[in-house]
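Q: A structural model of the following input is requested.
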Amino acid sequence: QVQLVESGGGLVQAGGSLRLSCAASGHTFSLYTMGWFRQAPGKEREFVAALSWSVGNTYYADSVKGRFTISRGHGENTWYLQMNSLKPEDTADYYCAATPRYYSGGHSSAWQYDYWGRGTQVTVSS
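A: Numbers count the residues shown, from 1 in each chain. So this is what the prediction gives:
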């Protein structure tokens, strides 16, 4: 089993930055792909970014390309989502996710992930 815990959310003004962290514990050696999703009030959960660390591939939603960066910490059990140039529409609960599988077609679907954190809230004020 793997446990994921997010941190780093908060309130920020439009144009500002935040860095979210996801700390993994348990059988972390099995993890292959880490991702971030978000869910705004009244909306479905949507893909934000993913990192398949072994092959070094990153994936981003079009809405965050050029503004968000997903990365992995040196300790391998933590990954990050650096969010720059934040917009009010980025307001949501952000969830980290992980899976021991690699999908050649990408990792933008929630069903592809086996483990989920409980989320951290990000609010961007205008």
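Q: give me the contact list for the helix or strand bottoming out on mean pLDDT in the chain.
A: When the helices and strands of the chain are scored by mean pLDDT, DSSP states H and E, strand 57-60 comes last with a mean of 92. The contact list for strand 57-60, computed with Cβ atoms under 8 Å, 6 or more residues apart in numbering, reads 47, 48, 49, 50, 51, 52, 68, 70, 106, 107, 108. Any C-beta I mention is one placed from the backbone N, CA and C, and that applies to glycine too.
Q: any weak-confidence spans in the protein?
A: Applying pLDDT under 70 to the chain flags the ranges 75-76.
Q: now for the residue nearest the centre of the chain: which residues touch it?
A: Geometric centre of the chain, nearest residue: residue 36, 2.0 Å, by Cα atoms, centre = their mean. When contacts are counted by Cβ under 8 Å, 6+ apart, residue 36 touches 20, 22, 48, 49, 50, 70, 81, 94, 95, 96, 97.
Q: ditto for residue 126
A: With Cβ under 8 Å, 6+ apart, residue 126 has these contacts: 14, 88.
Q: this structure: strands as residue ranges?
A: 2-7, 10-13, 18-26, 33-39, 46-52, 57-60, 68-72, 78-83, 92-99, 115-116, 120-125 (DSSP state E).
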